[in-house]
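> Kindly generate the corresponding structure for this input.
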Amino acid sequence: MNIKAVSFTSNFRNYERKSLDNKIKSTSCFTTMFRDDIPWKDFAHYLQTHFKNSKSVDVINQACSDGSEPYSFVITLKEELTSPVSKKFLPVHAYDYDGEVLKNAAGGKIYFSSVDYPRIGSQGINEGKYFRYKSYDRNLALHSYEVARSLGEDVIFRQENVLDTLKKLPDYKTDCVFMCRNMYPYLSFFEMDEFRRLLCKKLGIGSVAVFGRYDMQNFGGIISGDLINAGFSYALKTSDCIFVRNLILPEG
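The predicted structure is shown next:
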């Protein structure tokens, strides 16, 4: 699948790619720290309780873009949970289809825009604890930061297609959190069908799937319908984007 770049900053990138069924799909990598479609603190405490009997939990963050999402997740765990508890979810395996957007993330660098600062502040977090200021890029109108080692070592970045990631998982995997937020609308209809099929086949009882508001606003009916028919339910009262598998129901 080829990528044709259109525009780029670390917080926003547009490109075109060829889907598995040879459709040209436009894709946006827009992201920020602590996007408000997830109740981050509630989510962290839910995971602590839900996986209290698990020794370790695999966290997969697909469509991770510049790293803002996995960093938001890891920071929330570190701030809200004790170290022994947070460690069972680390490191996060963060994947993105686009190698270009991963370059800064893999190099321990991130850009922040004016949108990021209030979101970080709203969580009561001291950004200096996790990010070291480097410089201001006038061309991008963004501030660059170096990611602290204590944060960077808890995220492993790799370029990979979401369908390839799912195919590699064992069937009905337990002790797994699969974050795939705000990427579903950029798939072709063929890829959407395959994605839903694989997700229901690969996530086992107790595993958690996390979508985003953009997914649910555009395709929430079909996403939630397929998951609920496969034995998932909403994990939190405060979110319609987080699902947990309770049962394995027969297909069809």
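> how about the helices in this structure?
Applying DSSP state H to the chain gives helices spanning 40-50, 68-80, 83-87, 99-106, 116-122, 149-152, 162-168, 189-202, 213-229.
> just for this structure, where's the confidence low?
Low-confidence segments of the chain (pLDDT under 70): 1-12, 251-252.
> pretty sure L247 is touching L227, no?
No. Here L247 lies out of contact with L227, judged by Cβ atoms under 8 Å, at a distance of 11.4 Å. To be clear about C-beta, it is placed using only N, CA and C from the backbone, and glycine gets the same treatment.
> ok, those two, which is more surrounded?
Looking at L247 and L227 with other Cβ atoms under 10 Å, you find the greater number of neighbours at L227, namely 21 against 9.
> Nearest spatial neighbour of that one, chain-adjacent residues omitted?
F243 (5.1 Å; Cβ to Cβ, 6 or more residues apart in numbering).
> can you count the residues close to the one you found?
Neighbours of F243 (other Cβ under 10 Å): 26.
> what's near enough to touch it?
V208, A209, V210, F211, S224, L227, F232, S233, Y234, A235 (Cβ atoms under 8 Å, 6 or more residues apart in numbering).
> Kindly reformat those as CSV containing distance to Y172.
Putting those into CSV (distance: Cβ to Cβ, whole Å) gives the following:
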residue, distance to Y172
V208, 14
A209, 13
V210, 18
F211, 20
S224, 20
L227, 14
F232, 13
S233, 17
Y234, 20
A235, 18
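> Filter these down to the buried ones, ChimeraX style.
Entered in ChimeraX, the line below selects the buried ones among the contacts of F243, by 16 or more other Cβ atoms under 10 Å:
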select :208,209,210,211,224,227,232,235
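> contacting residues around D37?
D37 neighbours (Cβ under 8 Å, 6+ apart): R181, N182, G212, R213, Y214, S239, C241.
> what about 7 Å?
Residues in contact with D37 (Cβ atoms under 7 Å, 6 or more residues apart in numbering) are G212, R213, C241.
> Weed out the non-buried ones from these.
If we count by 16+ other Cβ under 10 Å, the contacts of D37 have these buried: G212, R213, C241.
> and the residue nearest to L227, how far is that from Y234?
According to Cβ to Cβ, to the nearest Å, F243 and Y234 sit 6 Å apart.
> do F30 as well
26 Å.
> before we move on, what about V115?
In terms of Cβ to Cβ, V115 sits 28 Å off from Y234.
> Nothing else from me, thank you.
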